[in-house]
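> Next one to model:
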Amino acid sequence: METITGFERMAAAHWRGTEEQWLGEWLLRAAEGFTGRANSALPLGDPGMPLDEAITAVTRWYRARALPPMIAVPTRGEAGSCGQDLDYHLSERRWLTRDAPALVMLAGLPLRVPLDRLPQGRAVKATPVPDDAWAARYHYRGQDHLPPVARKVLTSAAEQSFLSIRDGDEVLAIARLSIANGWAGITAVEVSPAHRRQGLGAAITAAACLKAARRGPRNVFLQVEVGNAPARALYERLGFRSSHRFHYRVAPE
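Numbers count the residues shown, from 1 in each chain. Sure thing, here's the model as predicted:
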């Protein structure tokens, strides 16, 4: 993918809002507040109007849906880059940064690191929709129960598969694999707290990549918090490399 904008346009098809609308080349997304990606405007070019007017239009669109106006800002952090200029503009208008920045990482398929054998009794399961056991293991931002809209967002790509490592009926680790626009994406990676530091994070990621390679994509992406050093190191060992960052700006109340 040659540009950040080109990549983000592709990635937008992997995790979609339940409602989407274009403002010029800005994609407005809403999904009842479930996840930042599905509830933020994504600038992918010219909004078709002066920047201040576009920001006002974004603000009105989200407030009409009882959602905080939010813009995802992809950037490489370089002065003068498109994303950086927008970030400065929003900062001057007191749009606040929400959450820690995320790092986008990419890898070619198939991975050079093979999937290690799992201990006896443990197996990887894949389903086209999240079953109740998979959903019970997914704790987005610590939520004990996912809202009803979550399943619509999780199944919003052209194709997806929900992988889990299980020991009998117990779900030890999960990941969501999506396929859209010729790429594979990995999201919703989570390992049971009782089974961490056993290599399950690497195993579920490698399993998702193996399944993706069999479906045709030659590249895969994922995102991780910039400050999550152990996860970044894990993905680098698997062959992922850093591409760019993004963060959210939220309108002042």
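> Centre of the chain to the longest strand anywhere in the chain, how far?
Identified as the longest strand of the chain according to DSSP state E is strand 96-108. Centre-to-centre, strand 96-108 and its host chain are 9 Å apart (CA atoms, centre = their mean, to the nearest Å).
> Could you check the pLDDT of A173?
Per-residue pLDDT puts A173 at 96.
> In terms of helix, strand or coil, where does it fall?
Secondary structure assignment for A173 (DSSP: H, G, I helix; E, B strand; the rest coil): strand.
> Distance check, it against R94.
The gap separating A173 from R94 is 41 Å, by CB to CB, to the nearest Å. The way it works is simple: take the backbone N, C-alpha and C, and place the C-beta from them, glycine included.
> More neighbours: which of these two?
A direct count of neighbours by other CB atoms under 10 Å for A173 and R94 places A173 higher, at 26 against 9.
> hey, where'd the helices end up in the stretch 51-200 of the chain?
Under the criterion DSSP state H, counting those that start in this stretch, the stretch 51-200 of the chain contains helices at 51-63, 82-92, 132-137, 149-154, 200-215.
> can you redo the ones you listed as JSON lines with mean neighbour count and distance to H247?
Below are the helices of the stretch 51-200 of the chain laid out as JSON lines (neighbours: other CB atoms under 10 Å; distance: least, CB to CB, whole Å):
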{"stretch": "helix 51-63", "mean neighbour count": "17", "distance to H247": "16"}
{"stretch": "helix 82-92", "mean neighbour count": "16", "distance to H247": "8"}
{"stretch": "helix 132-137", "mean neighbour count": "16", "distance to H247": "27"}
{"stretch": "helix 149-154", "mean neighbour count": "19", "distance to H247": "20"}
{"stretch": "helix 200-215", "mean neighbour count": "20", "distance to H247": "23"}
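> By mean pLDDT, show me the worst of these.
Of all the helices of the stretch 51-200 of the chain, the minimum mean pLDDT falls on helix 82-92 (a mean of 89).
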